[in-house]
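Visitor: Whatever this is, show me its structure:
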Amino acid sequence: FIKKNYLGSIRVTYSGLIGLIISLIGVVTGTIFVIIVTRQLSPEDFGLWALVGSIVSYVIIINPIVTYWSTRQIARGEEIGKTAVSTSGLFSIGGMIIYLGIAIFLATTTDADLFVLVLASILIPTTFLSNVLISICTGFRPQAVSYGFLAFEASKIPLGFLLVAFLELGIIGAILTIIFSSISRIIILAFTARGKIIGTIKKSVIKFWLKLSWLTLYLDGAGLIYKLDVLIFSVLTNSFLGLAYWGVAQTASKFVGHSSQLSTALYPKLLSGGKVEIAEQNLIRSLYFAIPLVAFSIVFAKPALHILNPVYTEGILIVVFISLRTFSAQIKTIFFNILSAYETVDIDKHATFRQYIKSKLFFLPTLEYILSITYVVILTVFLLFFNDQNSSEIFIVTIWSGIAFVVSVPFAIYGIIAVKKQYNFHFNYPPILKYVGATVITSILVTVVSEQFLTYPESIFDFLPEIIPLLTLALVLYFGMTYVIDNSTRKLFKSIIKEIIKR
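Guide: Have a look, this model is predicted:
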C-alpha cells in the first residue's frame, strides 16, 4: 500500500536531532520574547494574552479534518497537497466566525477588551495555513517543520522589541508580533512544500475527508474539552492574575516539551512502513533529553520565573506540576502515536463506519475524551466548591496544575502497556537508569551550588551572569557523565559529529 520511494526516506534520529537543536534555540529566542511581554504587560494584560491563546486553539477544531489525513496520506505517497491547502483555507473562514462569536461573548461577560480579541482573529487564518503546511511537511520532510519553527521564534525578537518595548503597544504589539512571525513561518513551510502543492484539487479526496470528518472532529474534540480549563478558570474566578501565573508557569516549563522533537519523524516513519525497533531506539533518544529537561525545569523553576518577572517567583510549585504533566503527556503521545501509526483501516478507502469504530483511530481519541472530561470536571468541582475569597491565586493555580498532572499519569501508563503487549515493545532499561542517575546527581549538585551563589537581583542583566554559568555546569555534568558511562550516548555523539563533517 505504500509507495516504494517513500519507504525509508525519513530519517528519524536525524530529523529529531535537528528538531531538538532548533527547538532549544527557539527556547532561547522565545524566552527573550516572553521576557519582553511579561515585563512590559501588566499581570491583567498577560492574563488576557493567555486567554487569547486559549480561544485560538479552541476554534481550530475543524483544522484536523484536513491536517490529520494529510500527514498520513503524504507519508504513504499520495499527492494531496494542493487539495489540503485549498480546503484548509475555506475552513479558516468558519473558524474566524466561531472565534468572533466567542470574543463577543467574553467581552460582555468578563473584563476582556473586545478590540484586542477582534485583532487576534487574524491569527485564525494564519494558524490554519501554518498547520496544514506543517502536516504536509511532516509527511515527507519533518525537519522542515523545525526550520519554520526557528523562523517563527527568531522573528519574534526584533518585532517584539519594536512593537512591544520601543513603540509600547502593549498586548496589541504582542499580538501583531505573533501575526507577522506566523507569516515568516508560513513562507518557509510553503517553500519546502511547494513540490507537493501542485496538480489539481481532488474532489474525491475532499469527499473522503468530509466523509470521515466525524472521526477527525471526534479526534480533536478531546483537546477542545481539555483547553476549556482556561475559559472555566476565567469565568468562575474572573482572575486574570491567576491566568498570568498559569501562563508564566507554562513558559517556564517549556523546556520539557521540546524533547518531544526527537519523536517528530517517528509517526510518519512508522506510517511509511518502519519497524517497531525504530520506535524502541527513538524512545531511548527521547528520554535521554526528556529526563534531564524535566529535572532542570524543576531545579531552575525559581530562576526561570525570576527572569520572566520577579513578581511571579512564588509560583514554583506550579512550574513543578506543569513540568511533570508535560513529561507524562509526552510519554503518552509517543506510545499513542505508535498505536495509531500501525492502524491501517484508512488505507481502504471503502472501509465501513463499523470498521472505523473498532479501529485505534477511534479508540485512542476516546481515551483522550476520558482524560479531558475527567480533568475538566475535577477542576470545575474544585473551583465551584473549594475556591473561596480567602484562597490566593497562587494556591488555586497550584491545585489546578496538580490536577492536570495527576489526571495525565494513568493514560501514559496505559499507552506503555498497550504497545508492549501488542507489538512486543522492548524497553532497554540500563541506559534509562543511567540517564536517571546522571540527572539526579547533576540536580543535587546544581541545587547546592545555586543556593550558595544565586542572589536574584531584580535587573535581568545582573541576574544572567549568575544563572548562565549554572546552566552550563548542569549541561556539562549531565552530558559528561552520560558520555562516560553510556555506550549509546557515545554512539549518538559520534554520529552527530560524523553528520556535521559530512555536510
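Visitor: wait, isn't residue 285 in contact with residue 492?
Guide: Yes. Using C-beta atoms under 8 Å, residue 285 makes contact with residue 492 at a distance of 7.1 Å. Heads up, the C-betas are built off the backbone N, CA and C, glycines and all.
Visitor: Between the two, which has more neighbouring residues?
Guide: Of the pair residue 285 and residue 492, residue 285 is the one with more neighbours under other C-beta atoms under 10 Å, namely 22 against 18.
Visitor: Please name the spatially closest residue to the more buried one (chain neighbours excluded).
Guide: Using C-beta to C-beta, 6 or more residues apart in numbering and skipping the chain neighbours, the partner closest in space to residue 285 is residue 262 (5.0 Å).
Visitor: and that neighbour, how many neighbours?
Guide: Neighbours of residue 262 using other C-beta under 10 Å come to 27.
Visitor: just for the stretch 401-503 of the chain, where's the confidence low?
Guide: For the stretch 401-503 of the chain, applying pLDDT under 70 flags the ranges 496, 498-503.
Visitor: now do 90
Guide: Applying pLDDT under 90 to the stretch 401-503 of the chain flags the ranges 422-429, 451-466, 468, 486-503.
Visitor: And for the stretch 151-300 of the chain?
Guide: Looking at the stretch 151-300 of the chain by pLDDT under 90, you get 151, 153-154, 156-157, 160-161, 164-171, 192, 194-200, 211-286, 288-290, 293.
Visitor: Ramachandran coordinates for residue 227?
Guide: Backbone torsions for residue 227, taken as degrees, to the nearest 10, come to phi -80, psi 0.
Visitor: Kindly report the same for residue 196.
Guide: The phi/psi pair for residue 196 (degrees, to the nearest 10) reads phi -100, psi -20.
Visitor: Please renumber the chain so that the first residue is 53 from this point on.
Guide: Sure, I'll start counting at 53 from here, so that last one is residue 248.
Visitor: The residue nearest to residue 476 when sequence neighbours are not counted: how many residues sit nearby?
Guide: Closest residue to residue 476 apart from its sequence neighbours, by C-beta to C-beta, 6+ apart: residue 328 at 7.3 Å. Neighbours of residue 328 under the rule other C-beta under 10 Å: 16.
Visitor: Okay, helices next: where are they in the stretch 353-502 of the chain?
Guide: 353-360, 368-393, 405-410, 412-437, 445-475, 481-505 (DSSP state H, counting those that start in this stretch).
Visitor: between the second one and helix 445-475, how many degrees?
Guide: What separates the directions of helix 368-393 and helix 445-475 is an angle of 20 degrees, with axes from the mean of the first three to the mean of the last three C-alpha atoms, to 10 degrees.
Visitor: and if you look at the first one?
Guide: Our comparison of helix 353-360 with helix 445-475, counting by the same axes, to 10 degrees, yields an angle of 120 degrees.
Visitor: for the last one, same thing?
Guide: Taking the same axes, to 10 degrees, one finds that helix 481-505 is oriented at 160 degrees with respect to helix 445-475.
Visitor: what comes up buried for the following helix or strand past helix 481-505?
Guide: Scanning forward in sequence from helix 481-505 by DSSP states H and E, the next helix or strand is helix 512-537. Using 16 or more other C-beta atoms under 10 Å as the test for burial, helix 512-537 gives 515, 519, 522, 526, 529, 530, 531, 533, 534.
Visitor: Packing partners of helix 512-537?
Guide: Here helix 512-537 touches helix 328-351, helix 353-360, helix 481-505, helix 539-554, going by 3 or more C-beta pairs under 8 Å, 6 or more residues apart in numbering; DSSP states H and E.
Visitor: got a list of what the residue lying closest to residue 403 once chain neighbours are set aside touches?
Guide: Spatial nearest neighbour of residue 403, excluding adjacent residues (C-beta to C-beta, 6+ apart): residue 397 at 5.2 Å. Each residue near residue 397 by C-beta atoms under 8 Å, 6 or more residues apart in numbering is listed here: 403, 407, 408, 411, 413.
Visitor: One more pass at 10 Å, please.
Guide: Residues near residue 397 by C-beta atoms under 10 Å, 6 or more residues apart in numbering: 403, 404, 407, 408, 409, 410, 411, 412, 413, 414.
Visitor: Verify the stated contact: the last one with residue 408.
Guide: Yes. Using C-beta atoms under 10 Å, residue 414 and residue 408 qualify as a contacting pair, with a distance of 5.7 Å.
Visitor: Report the set of residues contacting both of these two.
Guide: In terms of C-beta under 10 Å, 6+ apart, residue 414 and residue 408 are both contacted by the residues 266, 267, 270, 395, 397.
Visitor: For those, work out which two are farthest apart.
Guide: Greatest spacing in the shared contacts of residue 414 and residue 408, by C-beta to C-beta: 266 and 395 (16.7 Å).
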